[in-house]
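[1] here are the coordinates; sequence isn't available:
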């Protein structure tokens, strides 16, 4: 394969980040001290900067803006929740768009927990999208370094989505029925699995470059395949009306990732058998590779990446078939008689980076 065809890139979804409308906390919440007023003004400033950056700046800038605003938001939550002496000039509300909605369409919420979860979702998606950006500029010379960066962003994102589903969503009492899909447990669970699936695929590709055993690489791809399957299942477990609203590109690429990771699992099982001189078994493993259900994306860039990955597997499959016809003359082992079943690593080597919420910027307002 030439340089363009080498599968050094991976399938990513390009998420549109949720957007929000501005809020001026110092105008809504009454304060009695200059220091409290300053805390609220600073929180408004960091939030409104985030809103502008989401609309106009890079994903790395969004990550930085989230890391500036979220400590202020935690300070606001500690100061406001269960504060019976607090007085408002008007009702405190937040508006956020969703990946399932049309442009200009917003969900409104009156809970600071809603605001926190949406901010964390933006933070997690920005890390995922940043990994996608790095993927776009990867080549043979910078792949090793870029692979480290992508995996790190994906592990951080997985930790954020795990934190949302295991900590913050359970704390949200009296969940409103009309809330964005990003505030549903199934979405964060799916994103957690998707981030780790992609990180495993990248790790497997790096292992190929390092001439790691095909047996180990097959186990990495097997785990990536299983996590992609879990991604699809968590999305399908959402209410049917919500699932239908998911971007078509998301559902399509998740399905394609499942097929790709399944195929690569069996390809490396086949290559492992070939290395051991078990040509009949290798043919049997390759026989289970099938790309007929791949759905070609409408996006040209994604189609190019997908074709490169499919071609890589297909060429390996065809090469073994030709060798067998000329050299080995072996009969393919029946699928049900193959000695080994696909299995992941006993202990995953790719785990999330646990998200620990930052210390609040302030502890009270009065």
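    Sure, I can see it. As the structure is a prediction and not an experimental result, all values here were calculated from the model.

[2] contact partners for residue 181?
    98, 99, 100, 187, 238, 242, 245, 246 (CB atoms under 8 Å, 6 or more residues apart in numbering). C-beta here means a position set from N, CA and C on the backbone, and glycine is covered the same way.

[3] excluding chain neighbours, what is closest to the fourth one?
    Nearest residue to residue 187 in three dimensions, chain neighbours excluded: residue 181, at 5.2 Å (CB to CB, 6 or more residues apart in numbering).

[4] next one: the one you found, what pLDDT does it get?
    You'll see residue 181 listed with a pLDDT of 97.

[5] residue 281 is in contact with residue 271, isn't it?
    No - Residue 281 lies out of contact with residue 271 (CB atoms under 8 Å); the separation is 11.0 Å.

[6] any of the contacts of residue 181 buried? List them.
    98, 99, 100, 187, 238, 242, 246 (16 or more other CB atoms under 10 Å).

[7] residue ranges with poor pLDDT in the chain?
    1-7 (pLDDT under 70).

[8] helices along that one, start to end?
    Using DSSP state H, the helices assigned to the chain run over residues 25-28, 34-56, 59-80, 112-136, 143-163, 169-171, 185-209, 214-236, 240-245, 248-275, 279-287, 300-323.

[9] for residue 105, find the nearest of these.
    Distance to residue 105, taken as CB to CB, is lowest for helix 240-245 among the helices of the chain, at 11.2 Å.

[10] distance to residue 301 added to the buried ones among the contacts of residue 181, as CSV?
    Conversion of those to CSV gives the following (distance: CB to CB, whole Å):
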residue, distance to residue 301
98, 24
99, 19
100, 23
187, 25
238, 28
242, 28
246, 21
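
[11] one step back: what's the overlap in contacts for residue 281 and residue 271?
    Counting by CB under 8 Å, 6+ apart, nothing touches both residue 281 and residue 271.

[12] wait, residue 91 sits on residue 110?
    Yes - at 6.5 Å, residue 91 counts as touching residue 110 under the criterion of CB under 8 Å.

[13] of the two, who's got more company?
    residue 110 (11 against 7; other CB atoms under 10 Å).

[14] can I get the helices of the chain in CSV with distance to residue 12?
    Shown next, in CSV, are the helices of the chain (distance: least, CB to CB, whole Å):
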stretch, distance to residue 12
helix 25-28, 35
helix 34-56, 19
helix 59-80, 12
helix 112-136, 4
helix 143-163, 9
helix 169-171, 25
helix 185-209, 7
helix 214-236, 13
helix 240-245, 21
helix 248-275, 8
helix 279-287, 27
helix 300-323, 8
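
[15] among these, which is nearest residue 346?
    Judging these by CB to CB, what sits closest to residue 346 is helix 214-236, at 8.6 Å.
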